[in-house]
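Trainee: sequence and predicted model, in that order:
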Amino acid sequence: MHIWRINTRTQTLSREPVPETWERLGGRGLIARILLDTVPPTCDPLGPRNTLIFAPGLLVGHMLSSCDRISIGGKSPLTGGVKEANAGGRTGLALTHLGVKALLIEDRPDKPGWWVLHLSAEGARFDPADDLTGLGVYESAARLWERYSHGDRRDDALAIALIGPGGEMRLRAAGVQNLDKDRVPSRIAARGGLGAVMGSKGLKAIVIDPADGEKPPIADLEAFRAAQKAFNRALQDHPQTHTYHDYGTAAMTLMCNHFGGLPTRNFSSGQFEGAEKISGEHMRETLLARGGVSETTHACMRGCLIQCSNVFGSAQDEVIVSPLEYETIGLMGANLGIDDLDAIARLNRAVNDLGLDSIEIGAALGVAAEAGLWEFGDGEAALRLLEEIRRGTPLGRILGNGAVTTGRVFGVERVPAVKGQAISAYDPRAIKGTGVTYATSPQGADHTAGLTIRAKVDHTDPKGQAKLSFKAQVNMAGYDTLGACLFAGFGFAAAPETIRDLLNARYGWDVGDDILQALGRETIRLEREFNRRAGFTPADDRLPEWMTREPLPPTNAVFDVPAEDLDNTFRDL
Ligand code: SF4
């Protein structure tokens, strides 16, 4: 494996050996290491000194179930700190088959213009992409496929990562979309504005063609296969695997509503009267009744046994969006007072097409409704606001820069964000462990950094939540470093020795039982150090002040985890 370093100004590639201190990291952990080693923490995130990094996790490359995720990172234009966002789809697998340990996209073009970066076994080249300027993600991906596919089996491995108009406009809610296994460009590394970083490098898309590449080597194939078998068995035997297979992440809607933590009308309530209508159960019934193009279960990558995704088709049997996930249902449904899955799916498609983060945009629209720019519940009005973003109007650019910018411009106090990044679909006043994660994660508010909702605790009791969050954050940072989907964690939690065995078999290492936590701790240490050097202090590890005094109906909870607990969350790191 090599480090592929691309200079976007000189349009050159250099393939370099992997530095020793980078070898035992992948995905999120490797991104943190690379940022600390090579990117000035105080640099302008959209300037030439920031680097956009693609790093497959340590287990990526062999179609292990749910373990081929790609981590994308850099200094975040949204938070000003370290950023890693990961996605399923094809990108991770394709990069490893080209022997890429990490792809570093550096510098900035000194002339205007848009480019496709094409990577193959022959190296890298830049193709003009001005004809794609302003096009949405779906149309761009279709044209890119037309241009770069072979028309034969080699296309099974062809991957494309691209930005939409949001990234071109360098909006801070812009992400990087990736093709899923069925070539749908909806696997977004959504959070933190990495699409804007890609836009700042003049890249509309990266095409990764591993046609003449090969799988990364395995030190002990027999041991690897044995560990894979044990992991698959543990995953298939886990009850949550079946829940996620049948209902997907949307199963969270009623659970979160039950706990009083479903963000409703700009986080002014934790229960939504329309929760049933936007639940995973209702979605499953609807999709089964519609049949045709609709699918209740679907995999984002080849080899996934869980298949938590779906294809949401309309009553007229046309695909609206794939997938429709809980976070979008929460932020663009309940949070906007919208109780119609078709309307939410259409909003989701529009946001995907713009290449934007549905959490950040859902939160921004909630703030905008509170400011009186539109009425909660009016899906058509929300779509019109997304059109403002597409047209690049001043209002559209305000919304596209996220919830904090929207709140500042329109004078709204109730802005759900930490370190500049919008809170996801678990209100931290009702799910306090996740609130600690939002507050203290170096990534800014992000449920995937350490979700605690499944713990058997009183989620409104402030006691013990920091410990709970710490454990979840360390585990998640470990999974993100492996390239494992959050839900692969069901199998790994049931058979933790398989992580050790898989890594030892693949790399010829001799790691111990605590490898997941060791990777997680190392990752968070590096991230916190980057943020410290970027100017973050403990004062940044706080939820918005209004959440500490505004009771959340119906539990009437406020966020009251003591500041001391927040400051000590990582004491044992
Ligand atoms: S469980 Fe869902 S998100 Fe995870 S890899 Fe499978 S389909 Fe993708």
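Mentor: Perfect, thanks for sending it. Numbers count the residues shown, from 1 in each chain.
Trainee: please identify the residues of the protein in proximity to the ligand?
Mentor: Within reach of the ligand by C-beta under 6 Å from any ligand atom, the chain has these residues: 66, 88, 299, 300, 301, 304, 306, 307, 308, 309, 485, 487. No exception for glycine: its C-beta is placed from N, CA and C like everyone else's.
Trainee: report pLDDT for the first one.
Mentor: pLDDT, the model's per-residue confidence, is 95 for residue 66.
Trainee: next, it: phi, psi?
Mentor: Phi and psi for residue 66, reported as degrees, to the nearest 10, are phi 60, psi 20.
Trainee: now do the contacts for it.
Mentor: Counting by C-beta atoms under 8 Å, 6 or more residues apart in numbering, residue 66 touches 235, 301, 303, 304, 305, 306, 484, 485, 487, 488.
Trainee: from the residues you listed, which two are the most distant?
Mentor: Comparing all pairs in these by C-beta to C-beta, the longest separation belongs to 235 and 301, at 14.2 Å.
Trainee: what's the separation between the closest residue to residue 109 other than its chain neighbours and residue 133?
Mentor: Spatial nearest neighbour of residue 109, chain neighbours left out: residue 202 (4.2 Å); criterion: C-beta to C-beta, 6 or more residues apart in numbering. According to C-beta to C-beta, to the nearest Å, residue 202 and residue 133 sit 11 Å apart.
Trainee: just the ones in helices from the residues of the chain next to the ligand, please.
Mentor: Applying DSSP state H to the residues of the chain next to the ligand, no entry is found in helices.
Trainee: now do the buried residues in stretch 54-74.
Mentor: By 16 or more other C-beta atoms under 10 Å, the buried positions in stretch 54-74 come out as 54-62, 64-74.
Trainee: quick one: that stretch to chain centroid distance?
Mentor: Here stretch 54-74 is found 13 Å from its chain centre; the criterion is C-alpha atoms, centre = their mean, to the nearest Å.
Trainee: and the residue in the chain sticking out farthest from the centre, what pLDDT?
Mentor: Note on the chain: the largest C-alpha distance from the chain mean falls to residue 222, namely 33.2 Å (C-alpha atoms, centre = their mean). For residue 222, the model assigns a pLDDT of 98.
Trainee: returning to that earlier point: pipe the contacts of residue 66 into CSV and attach neighbour count per row.
Mentor: Output for those, formatted as CSV (neighbours: other C-beta atoms under 10 Å):
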residue, neighbour count
235, 26
301, 27
303, 15
304, 24
305, 17
306, 25
484, 30
485, 25
487, 24
488, 25
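Trainee: I figured residue 79 hits residue 192, correct?
Mentor: Yes: shown here, residue 79 and residue 192 form a contact pair, counting by C-beta atoms under 8 Å, at 6.0 Å.
Trainee: residues shared between the contacts of the two?
Mentor: 421, 443, 444.
Trainee: for these, which one is nearest the ligand?
Mentor: The shortest approach to the ligand among these belongs to residue 443, at 18.4 Å (C-beta to the nearest ligand atom).
Trainee: how close does the closest one sit to residue 543?
Mentor: For residue 443, the distance to residue 543 - C-beta to C-beta - is 15 Å.
Trainee: regarding the closest residue to residue 124 other than its chain neighbours, what is its secondary structure?
Mentor: Distances taken as C-beta to C-beta, 6+ apart place residue 13 nearest to residue 124, at 3.8 Å, with adjacent residues excluded. With DSSP: H, G, I helix; E, B strand; the rest coil as the basis, residue 13 sits in strand.
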